[in-house]
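K.L.:
Give the three-dimensional model of this entry:
(one chain, ligands or ions: 1)
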Amino acid sequence: MAYKINQITVLGSGIMGHGIAQISAMAGYNVNLRDIEQSFLDKAMDKIKWSINKLVEKQKITPSEAENIINRIHPVVDLEQSLQGSNLVVEAVPEDLNLKKKVYEEIEKFSTADMIFASNTSTLPISEISAFTTRPDKFIGLHFFNPPQLMPLVEIIPGLKTEQQVTELAINLVNEVKKTPILCKKDVPGFIVNRIFIPLVHEAAYCLDRSNASMVEVDSASKYKMGLPMGIFELADYTGMDVIHKATSEMYSRDKKVIFPHPKIQQLYENKELGQKTGKGFYQYQGDNYERVQLTEEAADKFDPIPLVSVAVNNASWLISNEVCNREELEKALKLGMGLKRELFTTAETIGIGNIINTLKTLQTNYGTFYEPDKYLLSFQK
Ligand code: 3HC
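P.N.:
Sure, this is the predicted structure:
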């Protein structure tokens, strides 16, 4: 049976949920946006209106289209009501396996048999989450990037039991919302992009301990020497320390090789210094609205980002060695999911793969096996 989406329910109205609701409505879908408190939904609708206004200002949409888009999004607190009439649920609740289990058990009660569940999990294996449901065949990972309104990538992650037709439906949906799908061929912790991004936040924190560089210098080097559009600390604050911390714990609990946690992230999380959304994270902000950190080329000159490039390219190599994606898909994912302006392997080759391997070996001697160079990287030396 070929599936067709009539209406979408998005569960969770946070940074990702509200953006996913918005782009779905922009593609013409009626969307029920569900959260547990009206105040969360009010905030989400304010953010949607801000984003839509930006798109009108830039003449990407007309004022009348803007009105129609907003009218297609229905904020709802009642779970049963939010699911009525929908045949696709996109779950974007916080990254906590127990919470996801509770949510899926609840929605099962009100879901029709043919309802498709898609999780926007950033790191949790799809096969593990789908095991909480009666429909692992109709369950898929649909991983959007922040801000969903602007980032063109969606990683598609089929679980072990996902039906081929559900994967095809997901690919079609991603194309319909004018994004680019990349299929993650193995359901590994962090999928493709987060396996690079989340460990980089920790490595950037280690760079502060192991050098005299300041946050702005590390961030400026990430921007001007690695080609990231935002500094790594800036991006962590923008993503939210709750997301980074939970993704870290979930990834680390499954695979010690993927990430080397720095205590600073947990500390910020416990202090509720979650980043831009709370006005303070690594940096201080005026409020919780979109705001950038001032980074400069002069500051970039003061820090050599070789440890950052080394960790990123080593995790990228692991993905290639383990056939999660090939090099071309990896570079495409980093370009579309993180806005990387220069290919990661090109940056590594400019530094010299030999230098990268030596850096990793020294880090391995000093700090342990997380830094052990991957066989794909080593294969460049043969
Ligand atoms: N909707 C509409 N417009 C928006 C917007 C939104 N949600 N967010 C920002 N904008 C606007 C800005 O206000 C600005 O408008 P202006 O020109 O009127 O001032 C415009 O977009 C451009 O923004 P910037 O001037 O800040 O310039 P950039 O060229 O740097 O673009 C960006 C902004 C697209 C956010 C870019 O910095 C970027 O790509 N950053 C990296 C983001 C990233 O890596 N995301 C992935 C994180 S990992 C993830 O999400 C996975 C999860 O599982 C953890």
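
K.L.:
Next, count neighbours for the one residue in the stretch 251-382 of the chain that gets nearest to the ligand.
P.N.:
When scored by C-beta to the nearest ligand atom, the stretch 251-382 of the chain has Gly339 as its residue closest to the ligand, at 3.0 Å. All C-beta spots, glycine's among them, are computed from the backbone N, C-alpha and C. Other residues lying near Gly339 total 17 when counted by other C-beta atoms under 10 Å.

K.L.:
if I look at it, how far off is Ser122?
P.N.:
17 Å (C-beta to C-beta, to the nearest Å).

K.L.:
repeat for Asp301
P.N.:
Distance check for Asp301 against Ser122: by C-beta to C-beta, it reads 33 Å.

K.L.:
More neighbours: the two, which one.
P.N.:
Ser122 (28 against 13).

K.L.:
what about stretch 174-182, start to end distance?
P.N.:
Chord length of stretch 174-182, first to last residue, is 10 Å (C-alpha to C-alpha, to the nearest Å).

K.L.:
what's the answer for stretch 34-41, then?
P.N.:
Calculated as C-alpha to C-alpha, the first-to-last residue distance of stretch 34-41 is 7 Å.

K.L.:
same deal with stretch 68-84?
P.N.:
With C-alpha to C-alpha as the measure, stretch 68-84 spans 21 Å from end to end.

K.L.:
for the ligand, what are the nearby residues on this structure?
P.N.:
Residues of the chain lying close to the ligand by C-beta under 6 Å from any ligand atom are 51, 54-55, 122, 145-147, 149-151, 194, 197, 229-230, 235, 239, 243, 290, 292, 337-339.

K.L.:
which phi and psi does the closest residue to the ligand within the stretch 151-300 of the chain have?
P.N.:
Proximity of the stretch 151-300 of the chain to the ligand (C-beta to the nearest ligand atom) peaks at Pro229, 3.7 Å away. Backbone torsions for Pro229, taken as degrees, to the nearest 10, come to phi -70, psi -20.

K.L.:
is it true that it touches Leu336?
P.N.:
No - judged on C-beta atoms under 8 Å, Pro229 makes no contact with Leu336 at a distance of 12.0 Å.

K.L.:
more crowded one of those two?
P.N.:
Leu336 (20 against 13).

K.L.:
Name the nearest residue to the more buried one, ignoring sequence neighbours.
P.N.:
Spatial nearest neighbour of Leu336, excluding adjacent residues (C-beta to C-beta, 6 or more residues apart in numbering): Leu153 at 3.7 Å.

K.L.:
What's opposite that neighbour in the beta bridge?
P.N.:
Here Leu153 sits in beta bridges with Thr180, going by DSSP bridges.

K.L.:
Neighbours of it, how many?
P.N.:
When neighbours are defined as other C-beta under 10 Å, Leu153 has 23 of them.

K.L.:
pLDDT score for the closest residue to the ligand within the stretch 101-250 of the chain?
P.N.:
Of all residues in the stretch 101-250 of the chain, Ser122 sits closest to the ligand, at 2.8 Å by C-beta to the nearest ligand atom. Per-residue pLDDT puts Ser122 at 92.

K.L.:
mind checking the SS state of Ile171?
P.N.:
Ile171 carries the three-state label helix when classified by DSSP: H, G, I helix; E, B strand; the rest coil.
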